[in-house]
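Colleague: Turn this into a structure:
(chains A and B)
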Amino acid sequence: MPDTVRQRYEKIGRRRVLALLGVGLTLLVIAIAAAVVTLGSITEDTDAVERVLERQASIDSLATYNEQIAAGRRGYLLQPDPAFTRTVREASSDFEAEQARLEDLLNAREEFDRLEEIKALNAERTVLIDAMFADPDTAFAEARDLDFNEDAGVLITQDIREIAEEMAAFESEQLVRRNRAQLESLVQLYVVGGVALLLLLGVMGTAVLVVLRYNRDLAAAQVSLREANLGLETAVSDRTAELVRANEEIQRFAYIVSHDLRSPLVNVLGFTSELDEARKLIRAHLEELYEADPKLRDEEAWLAVDEDLPEALGFIRTSTEKMDRLINSILELSRQGRRKLEPEHLDMEELVGNIAVSLHQRAEEAGATVEVKAIPDLESDRIAVEQILQNLIENAIKYASPDRPCEVIVEGSKAVGTVRIDVIDNGRGIAEADQERIFELFRRAGPQDQEGEGLGLANVRALAYRLGGTIEVDSELGQGSRFRLSLPAKFVAQEAVT
Amino acid sequence: MNSQQTVGIVMIEDDAGHARLIEKNIRRAGISNDIKHFADGTTALDYLFNDVTGPAHNGPALVLLDLNLPDMSGTSILEKIKQDEKLHRTPVVVLTTTDDKVEIQRCYDLGCNVYITKPVNYESFADAIRQLGLFLSVIQVPSADDA
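Modeller: A predicted model of the protein is given here:
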């Protein structure tokens, strides 16, 4: 899968899943926060309820002590027993203690006001009681005269009772409110938790759907990719088959053409020889005639037979012979193109070493050295690889620079699935304009001071292509050249061999 | 049977120039046997198999065969000669411009007796033809009737 497409798919999938995870996480945080807040408020409510209950208890106690004081006082007025005195004193001090405790517990303004009233009333009553204990007779007399219900102490007690009842009622109301708030908090907790849970479930469901859809898209993409690959393979094999056919046709064409071209050449050369034979006869005849009768001597006729005709025949012959060589070259190329390639494992260092040995004599004559460095092994057709490298190394020796001793280095390197073999020389180099031409049939570059038909590199390129490889040249005129042969590390024959 | 019967030379060659050069060189080698020239396969086959003066009915012959013919391939003529009951012992000399090993091999497989490439180098070609002449003068070509 192309990287961009994969990245896009990954991005889409990742972005969606991440977004959903983010939403889920946020919801979870909100739910937890809501729970914490709700729990906090519930705790607060519970504390408040406890305090209300405490206050209620305290108010109850206060009311009880109030009644005890009143009962004790009434008893003492009826019968001045020290036991009643003790009861009133104890109840009074309890009342005051409770009053102080309640003051600490209270929190509402109204209640404080009420407590203040109670305090004031109690203080009044304390004064009355103190006076009663200090002067019991006056107190008994007053009590006898007065209607019991109009007695100041009784009235105070009644007031305190009423106020305490109000306070208790207020606290009850508080309790109800707190309870309701607690309930509301709980409801709120359930609602928030429920909603968060529902949302989480929704997010999870969506995430699962997204992942499923992403997987489905991925599977579909894989299927279409496989189909595309198959189509590509078919297209490639179709093209390859076409190329193989075209190549075969060219080879056949070259073979037939070159074959048929040779036929007329046989005649041209054959009859040129016949002409030469005839000329020799005429020349011999003329020579005899002129010797016998010098008067008959004609310089022009003699020149024609002795110089012009041999010259003309010589040109016809050399040209025809050259043509024959060219045609032979094409035939040879076409023959090699038809040869079946047989891939085998090639120890390249050994192979190149053998070529260097076979060229040793020529290299020595030319004062050249051939150095074979490390070359990775490969699997290919031995003869074709040998021919290519033989050609390249021969060229390197042949086209040396006259200014310096020729040094040829052959070295190899490995790329992905490809072995590169470089033939590097310090020879005369190739001008940039010629670097493509030299691979064409019958084309040559530089000074034409070496023998050759312009066939070697054309053959090298044809062979390199047949082996599924390429040949490139990197050269600077006067500095040297590097020919780089790139071949598949493992050649797989694709040609339909005919 | 008269084994001294003159051997007729049947030359199947579409190129008139080649035919002339071959004939000249044979003559130059001192061979005076009758040479019959055919420029295409059909008439040549007709002569070989059906003509009353042809080798199938009358006397031994030697075939000089060019492989490139306008109407058929020389190898199919070779095949016909070598598969024929009467003619299969007739010596066939294949003369052609190709030096393709596969084709040479194929001709020998089909029963060709001698294979001569027509080199453009005329002298060696002439030599080859003269040697062929020599060869013709020493071999005893079996008559079709001996078969």
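
Colleague: can we go C-alpha only for contacts and neighbour counts from here?
Modeller: OK.

Colleague: Confirm A:Ile438 sits in a helix?
Modeller: Yes. Checked against DSSP: H, G, I helix; E, B strand; the rest coil, A:Ile438 lies within a helix.

Colleague: Write out the residues of chain A neighbouring chain B.
Modeller: A:259, A:262-263, A:265-267, A:269-271, A:273, A:321, A:324 (Cα under 8 Å from any Cα of the partner chain).

Colleague: Neighbour count says what about those residues? Which are buried?
Modeller: The neighbour-count test (16 or more other Cα atoms under 10 Å in any protein chain shown) marks A:259, A:262-263, A:265-267, A:269-271, A:273, A:321, A:324 as buried among the residues of chain A next to chain B.

Colleague: For the residues you listed, work out which two are farthest apart.
Modeller: A:His259 and A:Ser273 (21.7 Å; Cα to Cα).

Colleague: How about the stretch 101-250 of chain A: which residue is closest to chain B?
Modeller: Across the stretch 101-250 of chain A, no residue is closer to chain B than A:Glu248, which sits at 16.9 Å (Cα to the nearest Cα).

Colleague: Just give me the neighbour total for that residue.
Modeller: Neighbours of A:Glu248 under the rule other Cα atoms under 10 Å in any protein chain shown: 19.

Colleague: Can you tell me the SS state at it?
Modeller: What three-state DSSP gives for A:Glu248 is helix.

Colleague: which residues of the stretch 101-250 of chain A score low on pLDDT?
Modeller: Applying pLDDT under 70 to the stretch 101-250 of chain A flags residues A:146-149.

Colleague: Tell me the confidence at the single nearest residue of chain A relative to chain B?
Modeller: The minimum distance from chain A to chain B, using Cα to the nearest Cα, falls at A:Val266 (4.7 Å). pLDDT for A:Val266: 84.

Colleague: just the one 3 residues further on next, same as before
Modeller: For A:Leu269, the pLDDT comes out at 85.

Colleague: Spell out the secondary structure type for it.
Modeller: The three-state label given to A:Leu269 by three-state DSSP is helix.

Colleague: same thing with A:Ile471?
Modeller: strand.

Colleague: what does the one 3 residues further on give?
Modeller: When the structure is reduced to helix, strand and coil (three-state DSSP), A:Asp474 reads as strand.

Colleague: List the residues that contact it.
Modeller: Neighbour list for A:Asp474: A:481-484 [criterion: Cα atoms under 8 Å, 6 or more residues apart in numbering or on different chains].

Colleague: a markdown table for those residues, including secondary structure, pLDDT and neighbour count?
Modeller: Output for those, formatted as a markdown table (DSSP: H, G, I helix; E, B strand; the rest coil; pLDDT from 0 to 100; neighbours: other Cα atoms under 10 Å in any protein chain shown):
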| residue | secondary structure | pLDDT | neighbour count |
| --- | --- | --- | --- |
| A:Ser481 | strand | 93 | 23 |
| A:Arg482 | strand | 94 | 23 |
| A:Phe483 | strand | 94 | 20 |
| A:Arg484 | strand | 94 | 20 |
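
Colleague: in a helix, that's where B:Tyr115 is, yeah?
Modeller: No. With three-state DSSP as the criterion, B:Tyr115 is located in strand rather than a helix.

Colleague: State the distance from the closest residue to it other than its chain neighbours to chain A.
Modeller: With sequence-adjacent residues excluded and distances taken as Cα to Cα, 6 or more residues apart in numbering or on different chains, B:Tyr115 is closest to B:Val94, at 4.7 Å. Counting by Cα to the nearest Cα, to the nearest Å, the separation of B:Val94 from chain A is 15 Å.

Colleague: okay, now B:Val94: neighbour count?
Modeller: Neighbour number of B:Val94 under other Cα under 10 Å is 25.

Colleague: For it, give the beta-bridge partners.
Modeller: B:Leu65, B:Tyr115 (DSSP bridges).

Colleague: So it is in contact with B:Gly111, correct?
Modeller: No. Using Cα atoms under 8 Å, B:Val94 is not in contact with B:Gly111, being 10.4 Å away.

Colleague: quick revisit: adding distance to A:Leu18, write the buried ones among the residues of chain A next to chain B out as CSV.
Modeller: Shown next, in CSV, are those (distance: Cα to Cα, whole Å):
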residue, distance to A:Leu18
A:His259, 74
A:Arg262, 78
A:Ser263, 81
A:Leu265, 82
A:Val266, 85
A:Asn267, 87
A:Leu269, 87
A:Gly270, 90
A:Phe271, 92
A:Ser273, 93
A:Glu321, 81
A:Asp324, 78
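
Colleague: Out of those residues, flag the one nearest to A:Gly468.
Modeller: Nearest member of those to A:Gly468, counting by Cα to Cα, is A:His259, at 28.3 Å.

Colleague: Let me know the helix or strand that the closest one is in.
Modeller: Using DSSP states H and E, A:His259 sits within helix A:152-292.

Colleague: Tell me the first helix or strand C-terminal of that helix.
Modeller: Next in sequence after helix A:152-292, counting helices and strands by DSSP H and E, comes helix A:299-303.

Colleague: I'd like the distance from that next one to the chain centre, please.
Modeller: A distance of 91 Å separates the centroid of the chain from that of helix A:299-303, by Cα atoms, centre = their mean, to the nearest Å.
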